[in-house]
Each structure stands twice: as C-alpha cells, then as structure tokens.
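Visitor: Next comes the sequence, and after it the predicted model I'd like to discuss.
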Amino acid sequence: MSTAAVGFAARRVLRGLLTMWFAVTVTFFLLRLLPGDPALAIADPGMTEELRANLIASYGLDRPILVQYWEYLVHLVQGDLGVSFRQNQPVTTVLLERLPWTLLLALSAVVVTVAVGIPLGVLAATRARSWVDRVVQVGGVTAQSMFVPSIGVLLLYVFGVTLGWLPIGGAIDEDVTGLAAVGSVVAHLVLPCLSLVLIQLGSYVLTLRTTLIETLGEDYVSLARAKGVTARKVVWKHALRNALLPTTTLMGLQFSLLVGGAVLTETIYAYPGVGRAIFEAVGRLDFPVLQGAFLVLAFTVIIANLLTDIAYGLLDPRVRTS
Amino acid sequence: MRPVTARRAVRGLAAVLGAAALVVSAAACGAGGASGGKSATRIVIGTTADVVNYNPLVGNSRTDSWVTNLMYPKLMSMDMEGKRVPHLATSWEYAEGGTKARVKIRDDMKWTDGKPVSADDVVFTIDAVAKEKIGVVAGLISSYGSAKALSPTEVEFTLTKPDGTFLDNVGFWMAVVPAHVFGKAPSVAKFANDSDWVSAGPYKLTKVERGQRYVLDRVTPYPLAPDNTPNLEQVVFRVFGDVNTEVLALRNGEIDLVANALPPTLAKSVQNDNKLKTVEIPSLGWAHMQYNVQRAPLDKLEVRQALAAAVDYEAIRKSALQGAAVSSDSSVLTPTLKQWHDPSAQEYRHDVAKAKELLAKAGHADGLTLSMIYDQADPNIAKWAQLVRDGAKEAGIEIKLEGLERNTYVAKGSNRDFDIYAGSWAIMDNPPANLGLAFKCGGFINYANVCDPELDKLISQAQEQTDPQAAKDPIQRAARIISEQVYDNVLYVEKFTFAHGAKWTGFEQRPSELLSIVNPESLAKAKAN
C-alpha cells in the first residue's frame, strides 16, 4: 500500500473517531436535557429515601454531570456501554441481541432500493417526457411523501389480514430451523423492508433520472453514439456509470435516514431491532441503552459513508487518483 | 436507441419484480405454515412490551406481572368485586386485637424443582421485602413486625399496630418466591432471576426471545386447575410495539388474545368482527382531577366546587370514552368495589350557572386562569382534558392544558407542582389502605396536598378495623368528606375491553387490566372449541 493510501486511510479513521466522539458527546448531553427524571424510571415510588438514594448512586446518577460524562467515556474506551436502567442487563447484551435484525432490515432495504431503483431510473430517463416517465415521476414524488406508520398499517392490513400472505409481526417464527427458518425470516422481512424501500425509492429514482438525462446529453455520450456503440452499451456502460455518482452519495446519506426510519418501522412491524429498543428506551428514559444505541447507529452510518467513498472510487477513477 | 434501452430496463425490472413475487410467495407459504396461535393446545397472547424484570417482587410493568403471575403464587386472588379469595392461602384471620395475623396455606403446591411451597417460603419472602424495602409491597406493610412459620402450612405475622389492611395487601400484592433459590442471592431486590426459573404457577417460563416472545410450558400437577392439569400445554406471550399491529395479528389469527385493554376506538372496530369476541372488565381504579388544595385559589372550596360543576361528566363518558366508562358517583368508593360502595353517593351536577355563582362567591366573578397537567401519551385523558377545558371556559375559568412527557408528568405530580392534575389510578382495591396513601396528611400519593384532621381520623379508624364491616362506616364517611370538599374529582370508572379469538372459552374474569382474563386461574382453565 502506498504512503498516500495509508495517509488517506488514517485520515478517514481519525475523522470517523472524531465523528463518533462528537455523536457520543451530543447524545450524552442531549439526553440529559430531556424533560423528566431518569431516577423516577429507576426507583420505585414505594421505596424509602435511603434505598432510592442507594439505587440512584449505584447508577452514578448522583454525581455531577461532567463526572458522569468522563466516567462514561472511560468505560466506553474499555468497551463497557453500561447497564440498562430498566432491564438490569449490560447494554452490549441488549444491543447485540437487536443489531443483527436492524442490519438485515436496513441492508435488505438498500439492496432492493438499488435493484428496483436503477431500472426504474433508466426507464424514466431513456423515455423522458413519455407517459412512462410521468408515471415514474408521480410515483416517485408520492413515495417520497409517504409516512412509515401509515404505509405499515396499510401493508399489514392488505398482505397480513386480507390476503393472509405474510405474517403480521416479529422477525422469525418459533422453533424453525434450516430452510424453514430462512423462509420465516424472509416472510417477516418482506413488509418492513418494503416500507423502507417505498419511502426512499422515490428520491433515488428521481435523482438517477435527472442525472442520467443530463449525462445522456454530454459530448462523450454523443461521441460514443457516433462511433457506433450500441444504444444499450451507451446507456448502461457509459452514461449510467457517471450518473450513478450522485445517487451513490444519496444512498450513503439515505442509509442514515434508513437507520432512523427503522425506529418507526420496527415498532409498527414488531421487528426486534435496535430501532424498537430506542423506542422503548425513550419512554423509560433508559439513558445507557439510548446512548449505546445511538453510538451503534452512528458507527453504522460512518461505515456506510466509508463504503460510499469506496464505491465512489470504484465508479470514478478520478477519485482514486486524487 | 431508446426502444432497446427501455426494453432492457423493463426486462431488468421485470426480473426484480419476479424475484420479489417469488419471495413473497415463498414467504406466504412460510407464514401459513408457521404462524402463532393455530394449535388448540397453546394460546398466543399479544402484549405491547417486553418483560423487564423476572423477579416478581421487583417487576412492576404490566407484562412483568402477566408473566410472573403465571409463575409465582400469591396468597390470595381477587373476585370481580375486589374481594380477596383463596389462592395459595386457604384461610386467614386476625388475632390479639389485630396485632397478629395468621394464614393457612395449601399443602399440595410444589415448586417446579419438586420442593413443596411452604410457610418458610412465605416468611422468607415477607422478611426480604421488609428488610430490603422491595417494591410497592414494602410501602403497603408499614405495620409489619415479624413472621414465623407455625407449621409447614401455617404462618403467623406479628404487627406493630392493629392493621386491618395488612392481610389484604400482603395476600394480593406479594408474590411468594422460593426461599431455597432466592435465598442464595446476596440481595433479593437485586436478584435478576433471569434464567433457570423455579416457580409454582400453572406455567413455567422455558424460553425467552427478547423483543419477540416468551414461552411458558404447562406444569402438572397444578392443584388450582381442573383435574390438577392446566388445559393448555403452552402459553406464549408475543411482543408488539404497537397496539394497532397487535389487533391486526389477532384478526389474522396470528395471536389468540390481546392482554392489554384496547383503546375505545379500536375496541369498537373489534366488536364488529365476528371472528373475535370481546370481554368487558371493570377497572379497580378511577380517572380523576386533583386540585392542588394548598395553592390559591384552589384552597377555596367554592373554586373547587365551581370547577366540579363545570364538568359535563356524561359527555366525557359518552364522547371521550365512547361509552366505555361508568359513573363513580363522584366517590372514591367506586361501584366496582361493591363491599365498600356508598349507595347514597351522587355525582356532581353539571351546572354552569351554579359554577359561575360559586366563582363569584369565591371572589372570582371576573373569572380565573389555571393550568392542568396530564400525560400526553394517555389517549383518553388527552381527549377529556379538552372537554374539561371547554366546560370550564363556559363558566369563566380558563384552563391551560399542559400535555407532558410521562416522566415530567410524574415528577410534577410527585412534587405537587401543578394547579390541576388530570390522571388515573389503575388499582385502588383496598380503600382503607389506598385512601391513607392518597388523602392522609403527607400521604405518598396525596398529590392534592390534602391535610384534613377529620379525614385522617376516619381513615385511621378504618385501617385499624380487622373486620371489613366495621371499617365500612368510617371509610364511607371519609369518602363523603373527600367528595364534599372536592379533594378529588372522580370522573369515571373505565370499562376495559379485551379481545380474543371466538373459538376460545373458559376464561375466568377478574377486575382490572392487571388480572382481566390473563390471570393464572383463567389461563389454567381456558380452552379452544
């Protein structure tokens, strides 16, 4: 590996660490600005003052906020995310149970969005101003304005209750193994994934359409046509590659929205991911779980952005050389 | 060029859609074959939260209670009128002027590891609760002195003062835990009890998939079930984050029963579904408004009476609750608790003219402005708070509504930082004990800051009586004072609606959302036709 590449990697890692520290700090202090007293969530109202004080002290909530912050950072670098106020379990245990489901959901949504979005974007761009293009545009704008809970309940009603094709909630059936387990996971994944795809597909397709129309008007595309390159090759090999650059950036940005959208999606679909853990922890002011969950999400988004940069390099040689 | 490119794109899209269709078909097959409550030997129950604590002495969420109630016996259960009935205990009595209490327990109940449930377990449990001040029970047994096992099936409690509320409180609220398991933990309060459960209910917890399900298997013999055998082999609690999703799962047969009460609007829609049945269960609590009597101008009786007269109680029950509530007759002794209810109690009359007159008498003829706090997540209160505000406005009182996040709401209530507190009590099953907490000077949940010597005296009198009949008169007089002085404006008693699949029968109903049809006796007897 060249010195420049090592320097590039080091800068990215450093930037990632700084972002993580920033996310941790903001989360730590923002949570403490929330109205409400977490001590009320921990301590039972029937407890004596002494027992209540002991319990609150055992979670370190009696110390000054800066001391709490420092201790949190020290524990964090040791890999200790603390203990859930409500569940009395290490936060790492709580989150590790949930993270695989959220990653499965978010990544599936990304894959399906790209798989469906590219053909739709190409179709609309190559048939610009035709009825097909108009349908795609109207559909894209409509999808952008959809609200996850509304889509969720609608999809559940249609596919779960009326047609009975898909299960209503959860991530996997009980006591299933092998292929049945895979089928069960897929069955439970379809609707939450579809919801996430629907809310992000619109912007993806519309961005790709616009960029591809612009690219198709570029000189190098005209040159390729003049040289007799087939129409299919011009679109899919020459134009699309460049048109994908902005949509790749968009996908990276949308991944963070996806992860955020998982809070609502997982709650509606009773999907046991990190999003639902956040939803439950907010109501209970379970600071350690919230801090841990946001940290995991920040880490996920940083990784997603890193992957976006790598994809950018693959798509555009100029990025690699620079 | 365009037609070729478009055709290619369409082909790609068709391939993706085809693959998606295949997945959906495969998924549909999977869903059909593996969904929840299809088998008649198991019941799948929907709940909206995970179990937070498996220690029945500490856990206090509804789901905690539903699951641990099936595992750990209590001395007593409760009938539909809130009266204590035998469970682990077969009989109980007070002695020596109310300073001793004795309980006889069954001799045929066993822990799942084969050891008998004995008087020693009861003594161990109450000692741990008292010593470590664990949970709500610790606050209810302030008169507890000591306990000893007179025999393997007999316990004697020594009380520091005569306390007629003691047995009802310990009997119903304290789960009995196995001394030989919990006793090994350095602290019972901190014992998580999150694996290798040793229990003595009709079902034992065997599998936990957090965020998804909790599986309990049948225990035999279980002496409180017909023929010593619970009807169902398995009880499964499935976790749904959203009540709408939960009801959809009930509708498509994925679950058989919803454990939590349905919001009135959802209950109406379920009642029209012929594949489902609904059950109405009365609340053991009430919805109310408490006026901060230490804060001007609410320290004036006329102002509180004016506020009470400005409320249209019938409209609240019909409109906000959609009929799913009954009048409490403006009494803290609600009709659910038949043994305590006072037939002479009458609801405050909705009379705007009288409210104005009372305001003028209190020196507020020009009107006044107050604020009212409530939990914004409670859909019922969010609705009726607006009706209260509109009614008060007609009488010249402006009420500013403050819908708060739950923890802030609880904090403001505990700190008595409000003019009007709109809320509800879930279970007020033992009036002498509950009114003590809610209305005696310095009472733990005396949010209204009431301090009335006459009221304190009557409640204390009732608490000292070991015969409920003797406690009835002072407690009814205390309730009349609360109503006359408008120390608490009790608006209604909710009728909870629960839903289950139409094929299910045999449920044993109990009052309150905590017991409803998911209590141990009910789930031991439930069966599918």
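Guide: The structure has been received and is ready for your questions.
Visitor: Flag the shaky bits of the chain, pLDDT-wise.
Guide: I'll assume chain A. Where chain A drops to pLDDT under 70, the residues are A:1-2, A:5, A:35-52, A:317-322.
Visitor: that's the other chain; I wanted chain B
Guide: In the predicted model, chain B carries pLDDT under 70 at residues B:1-40, B:59-60.
Visitor: how is it carved up into domains?
Guide: Chain B breaks down by automatic domain parsing into domains covering B:16-71+B:201-275+B:502-528, B:76-182, B:286-494.
Visitor: Reformat those domains as JSON lines; add mean neighbour count and distance to chain A.
Guide: No exception for glycine: its C-beta is placed from N, CA and C like everyone else's. JSON lines is the format used below for these (neighbours: other C-beta atoms under 10 Å in any protein chain shown; distance: least, C-beta to the nearest C-beta, whole Å):
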{"stretch": "domain B:16-71+B:201-275+B:502-528", "mean neighbour count": "20", "distance to chain A": "3"}
{"stretch": "domain B:76-182", "mean neighbour count": "19", "distance to chain A": "3"}
{"stretch": "domain B:286-494", "mean neighbour count": "19", "distance to chain A": "3"}
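Visitor: And the helices in chain A, which stretches?
Guide: Using DSSP state H, the helices assigned to chain A run over residues A:3-33, A:38-42, A:49-58, A:65-77, A:91-126, A:131-144, A:148-155, A:178-216, A:219-226, A:231-233, A:240-268, A:274-284, A:287-315, A:317-321.
Visitor: How about whichever residue of the stretch 151-300 of chain A sits closest to chain B, nearest residue that isn't a chain neighbour?
Guide: Closest contact between the stretch 151-300 of chain A and chain B, by C-beta to the nearest C-beta, is at residue A:272 (2.7 Å). In space, and not counting its chain neighbours, residue A:272 is closest to residue B:211: 2.7 Å by C-beta to C-beta, 6 or more residues apart in numbering or on different chains.
Visitor: returning to that earlier point: now render the domains of chain B as TSV, adding distance to residue A:239.
Guide: Shown next, in TSV, are the domains of chain B (distance: least, C-beta to C-beta, whole Å):
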stretch	distance to residue A:239
domain B:16-71+B:201-275+B:502-528	20
domain B:76-182	68
domain B:286-494	52
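Visitor: Please look at the residue of the stretch 151-300 of chain A closest to chain B and residue B:212 and confirm they touch.
Guide: Yes: using C-beta atoms under 8 Å, residue A:272 is in contact with residue B:212, at 5.2 Å.
Visitor: Give the residues shared as contacts by these two.
Guide: A:170-171, B:239 (C-beta atoms under 8 Å, 6 or more residues apart in numbering or on different chains).
Visitor: Among the residues you listed, name the ones in strands.
Guide: Members of the shared contacts of residue A:272 and residue B:212 lying in strands (criterion: DSSP state E): residue B:239.
Visitor: Phi, psi for the residue of the stretch 151-300 of chain A closest to chain B please.
Guide: phi -80, psi 50 (degrees, to the nearest 10).
Visitor: what's the burial count for it?
Guide: Other residues within reach of residue A:272, judged by other C-beta atoms under 10 Å in any protein chain shown, total 27.
Visitor: From residue A:102, how far out is it?
Guide: Distance of residue A:272 to residue A:102, given as C-beta to C-beta, to the nearest Å: 9 Å.
Visitor: can you list residues touching both of these two?
Guide: Both residue A:272 and residue A:102 are contacted by residue A:266, under the criterion C-beta under 8 Å, 6+ apart.
Visitor: what's the burial count for residue A:96?
Guide: 12.
Visitor: Residue A:284 versus that one, what's the distance?
Guide: 20 Å.
Visitor: How about residues contacting stretch B:100-107?
Guide: When contacts are defined by C-beta under 8 Å, 6+ apart, stretch B:100-107 is touched by residues B:75, B:88-95, B:116-119, B:122, B:150, B:152-159, B:166-167, B:171, B:223.
Visitor: where's residue B:343, which helix or strand?
Guide: Secondary structure assignment for residue B:343, by DSSP states H and E: no helix or strand.
Visitor: got a list of what the closest residue to residue B:319 other than its chain neighbours touches?
Guide: Once flanking residues are discounted, residue B:319 sits nearest to residue B:387: 6.7 Å by C-beta to C-beta, 6+ apart. Residue B:387 makes contact with B:311-312, B:315-316, B:319-320 under the criterion C-beta under 8 Å, 6+ apart.
Visitor: and the gap between the closest residue to residue A:234 other than its chain neighbours and residue B:442?
Guide: Distances taken as C-beta to C-beta, 6+ apart place residue A:224 nearest to residue A:234, at 5.1 Å, with adjacent residues excluded. Residue A:224 sits 87 Å away from residue B:442, going by C-beta to C-beta.
Visitor: cool, and residue A:182?
Guide: Distance from residue A:182 to residue B:442, by C-beta to C-beta: 61 Å.
Visitor: How many neighbouring residues does residue A:70 have?
Guide: Other residues within reach of residue A:70, judged by other C-beta under 10 Å, total 12.
Visitor: Could I get the CA-only coordinates of stretch A:133-153 as CSV?
Guide: C-alpha atoms of stretch A:133-153 as CSV (Å, rounded to 0.1, in the frame of the first residue of the first chain):
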residue,chain,number,x,y,z
ASP,A,133,-41.6,8.9,-17.3
ARG,A,134,-44.6,10.7,-15.9
VAL,A,135,-45.9,7.6,-14.1
VAL,A,136,-42.4,7.1,-12.6
GLN,A,137,-42.2,10.8,-11.6
VAL,A,138,-45.6,10.9,-10.0
GLY,A,139,-44.9,7.6,-8.2
GLY,A,140,-41.5,8.9,-7.0
VAL,A,141,-43.0,12.1,-5.6
THR,A,142,-45.8,10.2,-3.9
ALA,A,143,-43.5,7.7,-2.4
GLN,A,144,-41.3,10.5,-1.0
SER,A,145,-44.2,11.9,0.9
MET,A,146,-45.4,8.6,2.5
PHE,A,147,-45.4,8.2,6.2
VAL,A,148,-44.0,4.9,7.6
PRO,A,149,-46.8,4.1,10.1
SER,A,150,-49.5,4.7,7.5
ILE,A,151,-47.8,2.6,5.0
GLY,A,152,-47.1,0.0,7.6
VAL,A,153,-50.7,-0.4,8.8
